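Q: Predicted model and sequence below, questions to follow.
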Amino acid sequence: MKVEIWSDVMCPFCYIGKRRFEQALAGFEHQNQVEIEWKSFQLNPDLKTNPDISINQYLAEIKGFTIDHAKQLNNHVTQMAANEGLTYNFDKAVVANSFNAHRLAHLAKKHGLGDAAEEALFKAYFTEGRNIDDNETLIEIGVAIGLPANEIKQALETQLYADEVKHDIAEAQYLGVRGVPFFVLNRKYAVSGAQETGIFSDTLSKAFADWQLENPKPMLDIIEGESCGPDGDCG
């Protein structure tokens, strides 16, 4: 069964939602039959990368808040993250457009490292205060998770994977996604937001039950003969 997750690297609830979903998946008895696919989404496609302003300043400007109110909101989210074992350092976070980070994530997906890329990018942004729109930073992140440096450089110096990012965003609009994180299970059920772990667990069970009905296990009429088993026994 496939679970598609639309997310943005600079979305604080996306990292929290990732952890809560992972907790639900860890307790799901059929987790080895669940395929996770990360999808790109941009909360602010027009955002200009600006390391000279703080996240609190950025939030205050786009939302019309005072900086003190922005700090209060970020402190609240920081505590939510801490409850999931995550460390948020909004005082260090760099205001950065996430488009190139999403392109790196698509390259990682090609190598079967999509989840590792999302985790590394979230940590770089929220915990380490790194600029996720800086090519050297993205190369370091990619190499650290096992991507070839030459492929990362080629992607970042060209427009590779730009169409894939745009396709994900267009697909989200088609599905009616209005915010992230957004989890789509078996293209039948959806969970919007960083819901509690129990919600993810219930939805996983419901979606998987439907998926099993749609994809029944083949019932083979087996003629037995001499063979070798995975434990090395032959007979």
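A: On my side now, so go ahead.

Q: okay, CA-based contacts and neighbour counts for the rest of this
A: Will do.

Q: so what pLDDT did residue 174 get?
A: In this model, residue 174 is scored at 96, pLDDT.

Q: Figure out the helix or strand that it lives in.
A: Secondary-structure assignment from DSSP states H and E places residue 174 in helix 162-175.

Q: Name the residues of the helix or strand of the chain with the lowest mean pLDDT that come out as buried.
A: The element with the least model confidence among the helices and strands of the chain, by mean pLDDT, DSSP states H and E, is helix 55-63, at a mean of 94. Of the residues in helix 55-63, those buried by neighbour count under the rule 16 or more other CA atoms under 10 Å are 55-60.

Q: Just the CA atoms of that helix, as CSV, please.
A: Extracted C-alpha coordinates of helix 55-63, given in CSV (Å, rounded to 0.1, in the frame of the first residue of the first chain):
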residue,chain,number,x,y,z
ILE,A,55,12.2,33.7,11.1
ASN,A,56,10.3,35.8,13.6
GLN,A,57,10.7,38.9,11.4
TYR,A,58,9.6,37.0,8.3
LEU,A,59,6.5,35.6,10.0
ALA,A,60,5.6,39.0,11.4
GLU,A,61,5.9,40.6,8.0
ILE,A,62,3.8,38.1,6.0
LYS,A,63,1.1,37.6,8.7
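
Q: which helices and strands sit right next to the helix or strand that it is followed by?
A: Per DSSP H and E, the first helix or strand lying C-terminal to helix 55-63 is helix 67-83. Helices and strands in packing contact with helix 67-83 are listed as helix 12-26, helix 55-63; criterion 3 or more CA pairs under 8 Å, 6 or more residues apart in numbering; DSSP states H and E.

Q: Out of those, which is closest to residue 171?
A: Using CA to CA as the criterion, the shortest distance between residue 171 and these is 18.2 Å, found for helix 12-26.

Q: ok so, going back, relative orientation of the least confident helix or strand of the chain and helix 67-83 in degrees?
A: In this structure, helix 55-63 runs at an angle of 120 degrees to helix 67-83, with axes from the mean of the first three to the mean of the last three CA atoms, to 10 degrees as the basis.

Q: Centre of the chain to helix 55-63, how far?
A: Helix 55-63 sits 24 Å away from the centroid of its parent chain (CA atoms, centre = their mean, to the nearest Å).

Q: now do stretch 14-30
A: Averaged C-alpha coordinates place stretch 14-30 at 12 Å from its chain's average position (CA atoms, centre = their mean).

Q: For it, the averaged confidence score.
A: Per-residue confidence for stretch 14-30 averages out to 98 on the pLDDT scale.

Q: packing partners for the least confident helix or strand of the chain?
A: Using 3+ CA pairs under 8 Å, 6+ apart: helix 55-63 touches helix 67-83.

Q: In the helix it packs on, which residues are buried?
A: Buried residues in helix 67-83, counted by 16+ other CA under 10 Å: 67, 70-71, 74, 77-78, 80-81.
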